[in-house]
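Asks: sequence unavailable; structure follows:
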C-alpha cells in the first residue's frame with residue numbers, strides 16, 4: 001500500500017496527535033486490565049490520574065497518593081513516550097521526591113530514556129523541563145545563571161550527564177542547589 005506523505009504542517013500535527021492518542025489508549029487498556037485482574041487500589045495508585053476540582057476550579061494531577069496542581073504550560077504537540085513498568089516506577093519515585101520537595105536523580109546506561117521520561121512527566125503535569133547537557137566546559141558562572149533562570153521562571157531543570165562537570169564547579173552547584181531546596185521547603 002502506498003500512502004501520500006503530505007507536506008502540510010497541519011497533517012503532520014494531526015498524525016502526531018493520533019499516534020499519541022493511540023499510545024495513551026494502549027496504556028490505559030493495559031492499566032485497566034491490571035486494575036480489574038489484580039489489587040485494585042495498588043494498580044490504581046500507580047497510574048497518573050487527572051481530576052477537575054470544582055471547589056478550587058483547577059486541575060489536579062495525582063501520582064500515587066501525591067496530588068499536584070496542573071501548570072497549564074503548552075508544550076506543543078509531541079510524540080508520546082511509551083509507558084512501561086519502569087516508566088511507572090520512575091514517575092512514582094519522582095512524584096515522591098517532588099512531594100518531599102527534594103530533587104530526583106535517574107541513574108542508568110546512556111540511551112535508555114531517562115531524560116525523555118522526566119520530560120514526559122513534566123508534560124503530564126503541564127510543566128516545562130529545561131534540559132542541559134553538562135560537560136567539563138561548564139563553568140560555575142554559566143550554571144549559576146541557568147539556575148537563576150530556572151528559579152525565576154519556576155520550570156524544571158534536568159541536568160544530563162551531571163557527573164561530567166568538574167569537581168570545583170560541582171561543589172558550587174551543590175551549594176546553590178542546597179540553598180534553592182531549603183528556600184523551597186520554607187515556602188520562599
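Replies: Cool, got the structure. Values in this document were obtained by computation on a predicted structure and should not be read as measured data. Numbers count the residues shown, from 1 in each chain.

Asks: assumed residue 115 was part of a helix.
Replies: Yes: per DSSP: H, G, I helix; E, B strand; the rest coil, residue 115 lies within a helix segment.

Asks: in this protein, which spans are helices?
Replies: Taking DSSP state H, the helices of the chain run over residues 9-37, 40-46, 85-99, 114-124, 140-153, 167-186.

Asks: which residues are in contact with the helix or strand bottoming out on mean pLDDT in the chain?
Replies: When each helix and strand of the chain is scored by mean pLDDT, DSSP states H and E, helix 40-46 comes last, with a mean of 76. Helix 40-46 has contacts (CB atoms under 8 Å, 6 or more residues apart in numbering) with 31, 34-35, 64-65, 88, 92. Where you see a C-beta, it was placed from the backbone N, CA and C, and this is true even at glycine.

Asks: still on that earlier bit, pipe the helices of the chain into TSV and attach mean neighbour count and distance to residue 130 per row.
Replies: Shown next, in TSV, are the helices of the chain (neighbours: other CB atoms under 10 Å; distance: least, CB to CB, whole Å):
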stretch	mean neighbour count	distance to residue 130
helix 9-37	13	22
helix 40-46	13	27
helix 85-99	16	16
helix 114-124	19	10
helix 140-153	14	6
helix 167-186	13	14
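
Asks: mind checking which of those is nearest residue 106?
Replies: helix 114-124 (4.0 Å; CB to CB).

Asks: first-to-last residue distance for stretch 67-87?
Replies: 18 Å (CA to CA, to the nearest Å).

Asks: swap in stretch 70-81?
Replies: End to end - CA to CA - stretch 70-81 spans 19 Å.

Asks: hmm, back to that, of all pairs in the contacts of helix 40-46, which one is the farthest apart?
Replies: 34 and 65 (18.4 Å).

Asks: thinking again about what came up before, the helices of the chain: which one's closest to residue 59?
Replies: For residue 59, the closest of the helices of the chain is helix 114-124, at 11.3 Å, according to CB to CB.

Asks: tell me what that closest one is packed against?
Replies: Taking 3 or more CB pairs under 8 Å, 6 or more residues apart in numbering; DSSP states H and E as contact, the helices and strands that helix 114-124 lies on are helix 85-99, strand 129-133, strand 156-160.
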